[in-house]
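[1] Sequence unavailable; structure follows:
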């Protein structure tokens with residue numbers, strides 16, 4: 001028989017890490033939502049697509065989508081030239097080496113170093129054909145993606161990794177505690193089998209099991225857990241299920257979505273949010289005024305539109321505005337045709 005004290009202690013221990021994680025998640029979301037937007041016609045000066053992605057999405061960045069915007073960014077800044085090649089896709093020719101940003105907005109030279117390394121690897125032969133990209137440059141791109149992901153995590157508060165680790169550990173300890181308390185209350189050695197699903201919970205998060213991680217969790221953790229549930233009283237089974245569920249939700253559902261920014265990065269996020277909001281809500285007269293001031297405006301912002309996932313909306317707006325021919329880096333091509341094929 002399970003006494004009330006055991007039930008209360010188990011409930012508190014299993015719910016506490018999940019509750020704390022949810023509170024932190026809500027707090028981070030509120031901070032981002034309340035970030036004071038400013039009206040921005042351009043991204044911060046000197047920012048590359050890497051900077052925009054890491055500052056806007058932080059730990060939720062998806063660097064695999066950076067290669068194409070970077071190509072456009074390099075072309076727009078005169079580092080490469082884009083030409084058509086019927087047999088090998090698009091031909092990209094290096095014109096000059098990358099130059100580091102020289103302004104206060106581009107604060108993080110680490111991202112430039114990543115960008116320069118990728119540029120050097122891709123254009124070691126001066127010419128790059130897009131149809132060969134997947135096979136010939138896969139290793140370089142994979143290294144680049146991992147490095148940008150690591151850089152994106154630096155946008156969060158410095159102690160977040162420690163806090164996240166403690167909450168994850170606490171959620172695992174709560175399962176151990178619940179199993180131990182039930183073992184004492186029922187004097188049932190079957191609860192020793194719970195060591196397997198507990199180990200599986202830890203392995204699922206920290207061991208690089210790749211595509212086999214869920215299969216491992218089902219076999220190593222799921223099967224023993226089911227065996228325990230079918231051999232203990234119903235009340236004990238409910239406590240075990242709840243403790244495992246709370247631990248899983250804490251580690252794999254709530255904590256991965258927490259986004260706590262450092263104060264300076266929160267300000268940059270607000271500027272990027274203002275830039276995105278302007279492009280999405282801008283009316284035709286506003287955009288025509290910007291194009292009149294800078295005929296190359298559409299091409300200047302295009303790489304960042306891909307990063308911010310608003311390309312389609314922005315393109316529809318500029319379809320109604322007369323643009324003077326192709327971008328200077330698009331050699332010998334019709335503008336309308338090339339604009340639809342730039343995403344290589």
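    Cool, the structure landed. Every value quoted in this text rests on a predicted model; they were computed, and no experiment measured them.
[2] Report the residue spans of this structure with pLDDT below the cut-off.
    1, 85-89, 103-108, 130-136, 188-191, 205-213, 220, 322-344 (pLDDT under 70).
[3] Strands of that one, start to end?
    When secondary structure is read from DSSP state E, the chain shows strands at 80-85, 89-94, 127-129.
[4] The second one: partners in the sheet, and parallel or antiparallel?
    Put plainly, it is strand 89-94. In the sheet containing strand 89-94, its partner strands are strand 80-85 (antiparallel), strand 127-129 (antiparallel), by DSSP bridges.
[5] Among the strands of the chain, which comes closest to residue 43?
    For those, proximity to residue 43 was assessed by CB to CB; strand 80-85 is nearest, at 20.0 Å. The C-beta positions use only the backbone N, C-alpha and C, and glycine is treated the same way.
[6] tell me how far the closest one is from the chain's mean position?
    Taking the mean C-alpha point of strand 80-85 and that of its whole chain, the gap between them comes to 30 Å (CA atoms, centre = their mean, to the nearest Å).
[7] Show me what counts as buried in it.
    For strand 80-85, the neighbour count (16 or more other CB atoms under 10 Å) marks 80-82 as buried.
[8] Tabulate those (TSV), appending distance to residue 117.
    Formatted as TSV, the entries for the buried residues of strand 80-85 read as follows, by distance: CB to CB, whole Å:
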residue	distance to residue 117
80	16
81	21
82	21
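[9] one step back: format the strands of the chain as TSV; extra columns: distance to residue 267.
    Supplementary listing: those in TSV, determined by distance: least, CB to CB, whole Å:
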stretch	distance to residue 267
strand 80-85	32
strand 89-94	35
strand 127-129	36
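[10] Quick one: distance of the longest helix seen in the chain to the chain centre.
    Secondary structure of the chain read by DSSP state H shows that its longest helix is helix 4-33. In this view, helix 4-33 has its centroid 24 Å away from the chain centroid, taken as CA atoms, centre = their mean.
[11] Now do that helix: which elements does it pack against?
    helix 160-186, helix 234-248, helix 263-281 (3 or more CB pairs under 8 Å, 6 or more residues apart in numbering; DSSP states H and E).
[12] List of residues touching the second one?
    Applying CB atoms under 8 Å, 6 or more residues apart in numbering, the contact partners of helix 234-248 are 2, 7, 10-11, 13-15, 17-18, 171-172, 174-175, 178-179, 182, 185-186, 188, 194, 197, 201, 225, 228-230, 232.
[13] Could you do stretch 193-209 as well?
    Judged by CB under 8 Å, 6+ apart, the contacts made with stretch 193-209 from elsewhere in the structure are 168, 172, 175-176, 179, 213-214, 216-217, 220-222, 224-225, 227-228, 240, 244, 247-248, 251-252.
[14] Just the buried residues from those, in PyMOL please.
    Command for PyMOL, covering only those of the contacts of stretch 193-209 found buried under the criterion 16+ other CB under 10 Å:
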select buried, resi 168+172+175+179+216+217+220+221+222+224+225+228+240+244+247+248+251
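[15] check contacts around the residue lying closest to residue 72 once chain neighbours are set aside.
    Nearest in space to residue 72, with sequence neighbours left out and distances taken as CB to CB, 6 or more residues apart in numbering, is residue 303 at 4.3 Å. With CB under 8 Å, 6+ apart as the criterion, the residues that contact residue 303 are 49, 69-70, 72-73, 76.
[16] Any chance of the residues you listed in a markdown table with neighbour count as columns?
    What follows is the contacts of residue 303, written out as a markdown table (neighbours: other CB atoms under 10 Å):
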| residue | neighbour count |
| --- | --- |
| 49 | 27 |
| 69 | 24 |
| 70 | 21 |
| 72 | 23 |
| 73 | 24 |
| 76 | 18 |
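[17] The residue lying closest to residue 257 once chain neighbours are set aside and residue 19: what is the separation?
    With CB to CB, 6+ apart as the measure, residue 25 is the residue that lies nearest to residue 257, at 6.0 Å, once sequence neighbours are left out. According to CB to CB, to the nearest Å, residue 25 stands 11 Å off from residue 19.
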